[in-house]
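Chemist: Sequence and predicted structure are below.
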Amino acid sequence: MGMNELMRTAAAVLDHVYDGVAAIDDQGRIVYVNPANERITGLKREQLVGRHVKDAIPSAHIVDVLVTGEPCIGIRTQVGEHLVVSNIVPVREQGELVGVVSVFRDETDLRRLAQQLSKANETIEHLERLIDAEGRGGMIVGESEGMQKALALATKAARVSSPVLIQGESGTGKEVIARYIHEQSPRKGMPFVPINCAAIPENLLESELFGHEEGAFTGAKKGGRPGVFELADGGTLFLDEVGDMSLHLQVKLLRALQFQEIRPVGGSVTKKVDVRFLFATHHNLRESVAAGTFREDLYYRMEVVSIHLPPLRERREDIPLFATYALNKITKKLGLPPLRIGDSAMQALRRYAWPGNIRELENVLEQAAIFDEDGLIDTHDLPKRFGDQAVADVPLAQAAERTFPTLQEVEEKLLRQALRTFRTKGEAADALGLSRATLYRKLEKYGLSDNDVSF
Ligand SMILES: Nc1ncnc2c1ncn2[C@@H]1O[C@H](COP(=O)(O)OP(=O)(O)OP(=O)(O)O)[C@@H](O)[C@H]1O
């Protein structure tokens, strides 16, 4: 049976195959193309059948196979707009080459999907990095009395949905506590929406908070836009630097707090929302009330639960813990090998006044980690201000006292805190930058069981 007869028999089947099929005889003449061929190449069957393949299809591969008798598999060619992948095989009858069959597939859609997938993956990675940077699931480190008090209050506040006012200097961990409350609350899994009221100009803040209707003001988004109250619906709204809010907005906020309803800018109807309010400020709001810059009625509604975060200089005993925890986070983030803080450097860190609080501590450690060369952070790896002058503000007796915990004590404390903060050991291991196996090993080493760490 020659190629023509062969193809006649197969054609009934091949006409229904989704991939393109073309066959040529031993002279290079096209004897068959299926309908899928036309879909992919745009060339009609009548234009092709009977013509020499060289005149009809510019691809050289079919001719190569005819000449060499060797198959060509997985050949990629661009046909117009289509990316085509072909398998071209010789056809033999009793050892004689009688023709060539090419089966090819349009991978344009596949390629588009692959591109979409890789873009989606990039977006996911980007968001994951953002979430990480925002400290999702970050643990609360600190065993000082002030910190333990704050943590105990936060844990209690998480069980109810009353408003909480968190006060403390910049960089003392107000946002970390707010996230902790949300994560421990029944609203976990719903949105946690933070908004910094001091970072947004007054005229935009109103629409950021309450949203706006279409045409509410020049430049307002078509179709309107929801505000953070709506975005946080069912979850938690964290209003940071609420002490900087204008009196005009304080009135609107009070209404939202009292009635759980908002009115978008330019809108005439009110909308119901279900949000849990967390507030933070570095101002002393009592003083702001006395000065007339903050509404008294709003203040009392906000501070149903009041949490005060002491500055780092008032909880120096937390510094070794914070520093060890932060350094671990930093080396992990930068992809550096583990680093240790030497005794003298730890002493210098403990004595320093920390005007920028934990954020400053993190920056100092990040710089030191980048410049360190021997795996041990020493005083000379710290910025100049950690030299002798920084010690001056601490009474001599206190400076001379060597009350540092050993590295092992610090490690044990961090383990206890991680287990207290997280529901599962997996999460605790992640937060500490340890593998699960290492975490288990360390728990065993310190003889820690779940009973040791529960409140
Ligand atoms: N108790 C804590 N345990 C672990 N890390 C903490 C703790 N408190 C603060 N941090 C870290 O310190 C940094 C500053 O914390 P955060 O942003 O919560 O401070 P803040 O008081 O909200 O600051 P600001 O008022 O400037 O917004 C963050 O990187 C956070 O991860």
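Modeler: Nice, I can see it. Small disclaimer: the values here were computed from a predicted structure and weren't measured.
Chemist: residue in the stretch 1-150 of the chain nearest to the ligand?
Modeler: The nearest approach of the stretch 1-150 of the chain to the ligand comes at residue 141, 3.6 Å away (C-beta to the nearest ligand atom). In short, each C-beta sits where N, CA and C put it, glycine included.
Chemist: Which helix or strand contains residue 62?
Modeler: For residue 62, the host element (DSSP states H and E) is helix 61-68.
Chemist: in its sheet, what does the helix or strand that that helix is followed by sit against?
Modeler: Per DSSP H and E, helix 61-68 leads on to strand 72-79 as the next helix or strand towards the C-terminus. With DSSP bridges as the test, strand 72-79 is paired with strand 82-93 (antiparallel).
Chemist: Okay, buried residues for the next helix or strand after the partner strand please.
Modeler: With elements assigned by DSSP H and E, the helix or strand that comes after strand 82-93 is strand 96-106. Within strand 96-106, the residues that qualify as buried are 97, 98, 99, 100, 101, 102, 103, 104, 105, 106, counting by 16 or more other C-beta atoms under 10 Å.
Chemist: quick one on the thing from earlier: quick one: contacts for the residue of the stretch 1-150 of the chain closest to the ligand?
Modeler: Residue 141 makes contacts with 318, 321, 322, 325, 414, 417, as judged by C-beta atoms under 8 Å, 6 or more residues apart in numbering.
Chemist: Closest one to residue 75 out of those, please.
Modeler: Within the contacts of residue 141, proximity to residue 75 (C-beta to C-beta) peaks at residue 325, which comes in at 56.1 Å.
Chemist: list the contacts for the closest one?
Modeler: 139, 141, 414, 432.
Chemist: List just the nearest of those to residue 253.
Modeler: residue 139 (31.0 Å).
Chemist: The ligand versus the residue nearest to the closest one when sequence neighbours are not counted, what's the distance?
Modeler: Spatial nearest neighbour of residue 139, chain neighbours left out: residue 421 (4.2 Å); criterion: C-beta to C-beta, 6 or more residues apart in numbering. Noted for residue 421: a distance of 9 Å to the ligand, by C-beta to the nearest ligand atom, to the nearest Å.
Chemist: give me the number of residues near residue 421?
Modeler: Residues near residue 421, counting by other C-beta atoms under 10 Å, number 20.
Chemist: any low-confidence regions in the stretch 1-150 of the chain?
Modeler: The model of the stretch 1-150 of the chain has pLDDT under 70 over residues 1, 58-59, 122-123, 125-138.
Chemist: try 90
Modeler: 1-18, 37-45, 47-48, 52-64, 66-67, 74-85, 93-95, 104-143 (pLDDT under 90).
Chemist: Return the backbone torsion pair for the closest residue to residue 353 other than its chain neighbours.
Modeler: Nearest-residue entry for residue 353: residue 313, 5.4 Å, with adjacent residues in sequence omitted and distances by C-beta to C-beta, 6+ apart. Backbone torsions for residue 313, taken as degrees, to the nearest 10, come to phi -70, psi -20.
Chemist: per-residue confidence for residue 313?
Modeler: If you check residue 313, the pLDDT there is 92.
Chemist: That one reaches residue 354, doesn't it?
Modeler: Yes: taking contacts as C-beta atoms under 8 Å, residue 313 lies within contact range of residue 354: 5.2 Å.
Chemist: So for the two, which residue has more residues nearby?
Modeler: More crowded of residue 313 and residue 354, by other C-beta under 10 Å: residue 354, with 23 against 16.
Chemist: ok, and the closest non-adjacent residue to the more buried one?
Modeler: With C-beta to C-beta, 6+ apart, the residue lying closest to residue 354 is residue 312, at 4.2 Å.
Chemist: Also compute the angle for the helix holding residue 62 relative to strand 72-79, please.
Modeler: 150 degrees (axes from the mean of the first three to the mean of the last three C-alpha atoms, to 10 degrees).
Chemist: Please work out which residue of the stretch 51-200 of the chain is closest to the ligand.
Modeler: Closest point on the stretch 51-200 of the chain to the ligand, by C-beta to the nearest ligand atom, is residue 173, at 2.4 Å.
Chemist: I'd like the distance between residue 443 and the ligand.
Modeler: Taking C-beta to the nearest ligand atom, one finds residue 443 at 20 Å from the ligand.
Chemist: Please save the CA atoms from the strand or helix carrying that residue in PDB.
Modeler: Taking DSSP H and E as the definition, one finds residue 443 inside helix 436-445. This file holds the C-alpha atoms of helix 436-445, laid out as PDB (Å, rounded to 0.1, in the frame of the first residue of the first chain):
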ATOM      1  CA  ARG A 436      10.600  21.900  62.700                       C
ATOM      2  CA  ALA A 437      13.100  19.200  63.600                       C
ATOM      3  CA  THR A 438      15.500  21.800  65.100                       C
ATOM      4  CA  LEU A 439      12.700  23.300  67.100                       C
ATOM      5  CA  TYR A 440      11.800  19.900  68.500                       C
ATOM      6  CA  ARG A 441      15.400  19.200  69.300                       C
ATOM      7  CA  LYS A 442      15.800  22.500  71.100                       C
ATOM      8  CA  LEU A 443      12.500  22.000  73.100                       C
ATOM      9  CA  GLU A 444      13.800  18.700  74.200                       C
ATOM     10  CA  LYS A 445      17.200  20.200  75.100                       C
END
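Chemist: Many thanks, we can stop here.
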